[in-house]
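Undergrad: Here is a sequence together with a model predicted from it:
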Amino acid sequence: MSDGRPVVEADVREIAEAVAAESRGFLTTVTEVAAGSAPEASMPLLLLAVSDLLAAGARLGATTDVVPPSRFEPDVGPDADLEPLRVNLANLFEGIDEYVEVIDPILGPEVEESTISGDLVAIVGALTQGLAHHDRGNVLEALWWWQFSYLSDWGERAASTLRALQTIIAHVRLDVDDDVAAEAEYDALQP
């Protein structure tokens, strides 16, 4: 504790470093997709990025509650303006951005509308907040934030977004004209 920060156990630091790396990768992918750098690969890239992030989130969910030394979150400065990112993603998903999700599958079948662009930006915001703590050397605070926000918000948003992205890709690849499908099936059965 020479600099006033608590000593962080090696396994906790390992989890924090893994989540930080995954968060940075996710932010890079979402930013590049929103910028239009690879329009033909946007959906597959996002599907992979959200899947990878959910794996990191599952590790957070499986970890015993992280408790930072202070009850109050240190100020990391103003929140980033994520509206341009949301607008670019909404433009990318125009016509397929909205989807319906079950609010709480344990408590009942009530549904609500959501957007892929809005969910991705909310996830980016939560990850960015954790990275701000991490980059200032507040590893426990970062890990607490990522774990709390995973369990309370971004984990659910990422899971719903993953399902929506997978469904879009499935429609693109599987929704073909009946004649085309019959011809492909016939060709596949021929010796």
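TA: Structure received. Numbers count the residues shown, from 1 in each chain.

Undergrad: and A159, how many neighbours does it have?
TA: A159: 15 surrounding residues under other CB atoms under 10 Å. C-beta here means a position set from N, CA and C on the backbone, and glycine is covered the same way.

Undergrad: quick one, what contacts the residue lying closest to R157 once chain neighbours are set aside?
TA: In space, and not counting its chain neighbours, R157 is closest to D119: 4.2 Å by CB to CB, 6 or more residues apart in numbering. Neighbouring residues of D119 by CB atoms under 8 Å, 6 or more residues apart in numbering: R157, A158, S160, T161.

Undergrad: hmm, 10 Å instead?
TA: Counting by CB atoms under 10 Å, 6 or more residues apart in numbering, D119 makes contact with 50, 89, 97, 99, 101, 153-154, 156-162, 164.

Undergrad: And it, how close does it get to P68?
TA: For D119, the distance to P68 equals 27 Å [CB to CB, to the nearest Å].

Undergrad: Over to P105?
TA: Distance from P105 to P68, by CB to CB: 31 Å.

Undergrad: Same question for S117.
TA: S117 is 32 Å from P68, by CB to CB.

Undergrad: Of those two, which one has the most company?
TA: The neighbour comparison of S117 against P68 (other CB under 10 Å) goes to S117, with 23 against 19.
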